[in-house]
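Peer 1: Below is the sequence, then the predicted model.
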Amino acid sequence: MVEVVDERRRAGGEQLHARWVRISHWILTVSVLTLAFTGFVILMAHPRLYWGEVGNDLTPALIELPISRNYQHGGWDAARPFYQNVAGPVSASRTYDIFNQNGWGRSLHFLAAWWLVLPGAVYLLGGIVGGHFRSHIWPQPREVAPRLVWHDVVDHLHLRIPPASGGPRYGLIQKLAYSLVVFGLAPLMVVTGLAMSPAVTAALPFLLIVFGGYQSARTIHFVTFVALLLFVFVHVVMVIKSGFRSQIRAMTVGGLR
Amino acid sequence: MKTSGLITRRQVIVAGLASVGGLVLARYPKNLPPTYGNLLRMGDTLTYAAHRGLLPHQSLVREYSHSDITSFPATGTTNPGVTEKSPLGETYRQLHSGEFGAWRLSVEGRVATPRTFSLAELKQLPSRTQITRHTCEEGWTAIGRWTGVPLCRVLDAVGIQPSARFVVFHSYDDWVDCIDLVDALHPQTLLAYGMNGRDLPIAHGAPVRLRVERQLGYKSMKYVRSIIVADEFDDGGKKGNIQNGWAWYTGI
């Protein structure tokens, strides 16, 4: 296996990032950044979040985000009730030309999603079969002792970050963060994304049931995006604190110097 | 290493992938939309092929109860008689003032008996009422009750030819769009003339709009004028989604 060959290639006794890990890392980096950017552009077209199946400009929002000129624009003509009961559902038409770049925004989002899902699946399969997750990413049971966790938390709070090792010798919080992203947030992002597809949910209706509806899935998709953004920010800070040049070198060409 | 007589994990994976791949390829659509070398449109096509290859063709979208009906924005064109500059706008105005008594839907192309339908004739065909969720590309949703004739009933009435692959729609706001036969023959695909128990309002596409429930809202064309059954893909040129920078398939 590729993994075995790379594991034997050591510099000063340190294990280096395997080639397939380095390739996956940068493909996924580009797709995640593209997804984040286009996702934000898509959200700008309708910067309102809801819970349940339904939400639109004529129903109350959970949160409204001031991220585009569509924020609280109020550009709707007089509401026309559908029924005798004027307090019931209404219709109205727009009097306002909204910001909407979804023509390219959505298609680029889904193109990037293919570059997340397919290489991501190869990465997951490789990580499970080759033992990468077991040996490097998933914390060992003996590591998760409360004393060790606390020690690592204090070190991070003081920004005492060990220098780059050039390979997958990860700290405890680092392992926990990577596990949360790889096995939690990233899959949740994909699944909530699919829960917004009318064709996919026609075939797999349980997706709407588990998330409580289309708009709930959309809101969870957004909250997970914020969590991932936070991860990327901390990840980049850690890379800088532990030696930016050597970390970038270790994750591109491999090796330390 | 001796592997004879043993089934290795690799062999199982390869055989599994090969058989899944064969199944997917057999269901893969033969006629794909043009991409004009645009990377984004290639991504759309990949999504379309994956949906057609992997998802069941007959699955129904969720239907809701009467109490789930919500407020429903009317976006896009809300009255072609006012906004449409081509002669179609004037025609629509006249049809509207005559309460669509003179409205005729022509169904032609690769069919056995091309003909037109008046609104009354459409209403004589078996009808279907469904309460479904409208999902707009902008990100909002709304639930409405639609009454109309399943498109497959209309296509049955004219008899589509075996070579037909797409159904093309023209509208009074001068838009052209098409759907494949998987969506055209789907039981929830309607030519809807009623909304929430009344005649379809002007702002929502009167007298007849399309409902394509497994795609986003903009595939459910409003103000339908004519239907053409075709062998080949028709992107509608400058009046269609692709050349205006939008995905043709919007199941996602």
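Peer 2: Sure, I can see it.
Peer 1: how near is A:Cys118 to chain B?
Peer 2: No Cys there; residue A:118 is Leu. For A:Leu118, the distance to chain B (CB to the nearest CB, to the nearest Å) stands at 10 Å. C-beta coordinates here come from the backbone N, C-alpha and C atoms, glycine included.
Peer 1: Any stretches of chain B with poor pLDDT?
Peer 2: Under the criterion of pLDDT under 70, the regions of chain B flagged as low confidence span B:1-5.
Peer 1: where do the strands sit along it?
Peer 2: B:72-74, B:104-109, B:115-118, B:128-135, B:141-150, B:166-171, B:176-180, B:190-195, B:198-199, B:209-211, B:224-230 (DSSP state E).
Peer 1: Can you give the distance of the fifth one from its chain's centre?
Peer 2: Think strand B:141-150. Chain-centre distance of strand B:141-150: 13 Å, with CA atoms, centre = their mean, to the nearest Å.
Peer 1: Including mean neighbour count and distance to A:Ile220, could the strands of chain B go into JSON lines?
Peer 2: Converted to JSON lines, these look like this (neighbours: other CB atoms under 10 Å in any protein chain shown; distance: least, CB to CB, whole Å):
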{"stretch": "strand B:72-74", "mean neighbour count": "24", "distance to A:Ile220": "23"}
{"stretch": "strand B:104-109", "mean neighbour count": "17", "distance to A:Ile220": "42"}
{"stretch": "strand B:115-118", "mean neighbour count": "16", "distance to A:Ile220": "44"}
{"stretch": "strand B:128-135", "mean neighbour count": "20", "distance to A:Ile220": "16"}
{"stretch": "strand B:141-150", "mean neighbour count": "23", "distance to A:Ile220": "15"}
{"stretch": "strand B:166-171", "mean neighbour count": "23", "distance to A:Ile220": "35"}
{"stretch": "strand B:176-180", "mean neighbour count": "22", "distance to A:Ile220": "31"}
{"stretch": "strand B:190-195", "mean neighbour count": "24", "distance to A:Ile220": "31"}
{"stretch": "strand B:198-199", "mean neighbour count": "12", "distance to A:Ile220": "36"}
{"stretch": "strand B:209-211", "mean neighbour count": "24", "distance to A:Ile220": "28"}
{"stretch": "strand B:224-230", "mean neighbour count": "21", "distance to A:Ile220": "36"}
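Peer 1: Looking at these, which is nearest to B:Leu39?
Peer 2: Nearest of those to B:Leu39, taken as CB to CB: strand B:176-180 at 22.3 Å.
Peer 1: Starting from the closest one, tell me which strands it pairs with and how they run.
Peer 2: Strand pairing for strand B:176-180, determined by DSSP bridges: strand B:166-171 (antiparallel).
Peer 1: Chain B contacts on the stretch 101-250 of chain A?
Peer 2: Counting by CB under 8 Å from any CB of the partner chain, the residues of the stretch 101-250 of chain A close to chain B are A:102-104, A:106-108, A:110-111, A:114, A:196-203, A:205, A:208, A:214-215, A:218.
Peer 1: Disregarding flanking residues, what is the spatial nearest neighbour of the residue of the stretch 151-252 of chain B found nearest chain A?
Peer 2: Residue of the stretch 151-252 of chain B nearest chain A, by CB to the nearest CB: B:Gly251 (3.0 Å). Nearest-residue entry for B:Gly251: A:Ala199, 3.0 Å, with adjacent residues in sequence omitted and distances by CB to CB, 6 or more residues apart in numbering or on different chains.
Peer 1: For that neighbour, report the pLDDT, please.
Peer 2: A:Ala199 carries a pLDDT score of 98 in this model.
Peer 1: C-alpha coordinates for the helix or strand where it lies, PDB please?
Peer 2: When elements are defined using DSSP states H and E, A:Ala199 is found to belong to helix A:198-203. In PDB, the C-alpha atoms belonging to helix A:198-203 read as follows (Å, rounded to 0.1, in the frame of the first residue of the first chain):
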ATOM      1  CA  PRO A 198     -35.800  18.200  -4.400                       C
ATOM      2  CA  ALA A 199     -34.800  15.200  -6.600                       C
ATOM      3  CA  VAL A 200     -32.700  13.600  -3.900                       C
ATOM      4  CA  THR A 201     -35.300  14.000  -1.200                       C
ATOM      5  CA  ALA A 202     -38.000  12.500  -3.500                       C
ATOM      6  CA  ALA A 203     -35.900   9.400  -3.500                       C
END
